[in-house]
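Q: Give the three-dimensional model of this entry:
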Amino acid sequence: MKDPLFALRRLACLALLLLAGGACASPAFRPAATLPAGQWPDHSAELCEVAAATADYLARGSAYDPAAIHGGTTALLQTRPARIRETLAFVCEIQRQDRASGRSSRLADPAFIERHFELLRWHPDRAKAATLAAGKPLLQQLPADRLLLTKYYVRVADGSARQSAARPHALYGLPFDEAALPLEKADARRDSITRYRYGKQRVLALEANPDSARQMAALAPPLIWLSRADLEGALLQGTAVIEDEHGQRRYFNVHRNNGVAYDRSRKPEEQDRYWYFKEVPGVLGYGKDADYKIPVKPLVTVAGDIFQLGLGRLVLLRAEEAGQPTFRLVVLADTGGAFHDNLYQLDWLSGYYRGWDDYHAANRHISDYADAWLLLKRE
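A: Reported below is the predicted structural model:
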């Protein structure tokens, strides 16, 4: 039976949109010819790195990862998958030409962008946002023509090889009962393997008692021990950069999860979705399994709904930074639990920070909404 309060909350949110000056809007992708004014920082070298790595992933073909490698699963947006790869290749071609000639990047020139790319202005799914807007002012105030622009970051934290009162929570590697199994074979044993038997709250409860903590360690290897705040940051961001007792910096990325969906109506620390991690050589974005994920860079990477849009979309954002309209070219190379059926939001990889205070200091001058265009190389 459906919760009657949910229906009332949905109606209230829809009413808020109506009062704000417009009916609830479905998402749309509309052709545009020109771009408004703004400043254009140049991060073309990093953009090419992410574009090339994403194109390599796409080259594996839709049979390898049909959920992500496609040209759009919504009737609103249908693109030949090859055009997404061609667009990413064109980005790197232009970047290499500009570097070789010593000229300024044409990828930071709006006239060049208008001439060589088709632009699709992205209007958000306000109707969907309204169903989730209770208690969330940013969704309640979502403009008709701008996306919610959240910012994620790579968390830098301190870790220990052993559990302690200060660091009682582990990032666990893949449980021993599936460590040697590829993802498909592990998921075929969903009813019996450890990963699907434990939610986050159960793991936290086990770690609180020394005897049960040893029981958990017998099921999955603790890779490094963290504080609760750093654990939550790692689970939320999907990546953690940990400095150990010897001053060595180690990188950890999500590997496989317990199959529990992220509940956007609950706080992060209340979630039951849980990830097991893998130590990796650097910061990684999307990949269907930890054996092959896309290396990503700050400032030129966004997470979003790759399941509807298709992995690898080249996106142009225009947000206000310190009050100045600022354009940034980014690649849709990551996703997360909050991006299933979400065509109203993108999550921008803003940088590396030790915690929320550093993050807020670096990002408070950036607006919460952004104009967005999907770009495709002209044929």
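Q: Can you pull the poorly scored residue ranges out of this structure?
A: 1-24 (pLDDT under 70).
Q: for the protein, longest helix please?
A: Using DSSP state H to assign secondary structure, the helix with the most residues in the chain is helix 81-101.
Q: How far away from the center of its chain is that helix?
A: Mean-position distance between helix 81-101 and its chain equals 23 Å (CA atoms, centre = their mean, to the nearest Å).
Q: helices and strands around it, which ones?
A: In terms of contact count using 3 or more CB pairs under 8 Å, 6 or more residues apart in numbering; DSSP states H and E, helix 81-101 is assigned the packing partners helix 44-58, strand 314-321, strand 369-377. Every C-beta, even on glycine, is put in place using the N, C-alpha and C of the backbone.
Q: Let's have these in a markdown table, adding distance to Gly71 and mean neighbour count.
A: Putting the helices and strands packed on helix 81-101 into a markdown table (distance: least, CB to CB, whole Å; neighbours: other CB atoms under 10 Å) gives the following:
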| stretch | distance to Gly71 | mean neighbour count |
| --- | --- | --- |
| helix 44-58 | 10 | 22 |
| strand 314-321 | 13 | 20 |
| strand 369-377 | 10 | 22 |
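Q: Now render these as JSON lines, adding distance to Asp65.
A: Supplementary listing: the helices and strands packed on helix 81-101 in JSON lines, determined by distance: least, CB to CB, whole Å:
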{"stretch": "helix 44-58", "distance to Asp65": "8"}
{"stretch": "strand 314-321", "distance to Asp65": "19"}
{"stretch": "strand 369-377", "distance to Asp65": "20"}
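Q: Out of those, flag the one nearest Gly259.
A: Judged by CB to CB, the one of those that comes nearest to Gly259 is helix 44-58, at 23.1 Å.
Q: Walking through the protein, point out its helices one by one.
A: Defined through DSSP H, the helices belonging to the chain, from first to last, are 4-19, 44-58, 81-101, 110-116, 126-131, 137-140, 183-187, 200-207, 210-219, 228-237, 306-309, 356-363.
Q: Can you check which of these gets nearest to Lys377?
A: Taking CB to CB, helix 81-101 is the member of those nearest to Lys377, at 4.4 Å.
Q: can you tell me which of the helices of the chain comes nearest to Ala322?
A: With CB to CB as the measure, helix 356-363 is the member of these nearest Ala322 (11.2 Å).
Q: rewinding a little: which one, of the helices and strands packed on helix 81-101, ends up nearest to Ala170?
A: In this view, these are compared for proximity to Ala170 by CB to CB, and helix 44-58 is the closest at 29.3 Å.
Q: This completes my enquiry, with thanks.
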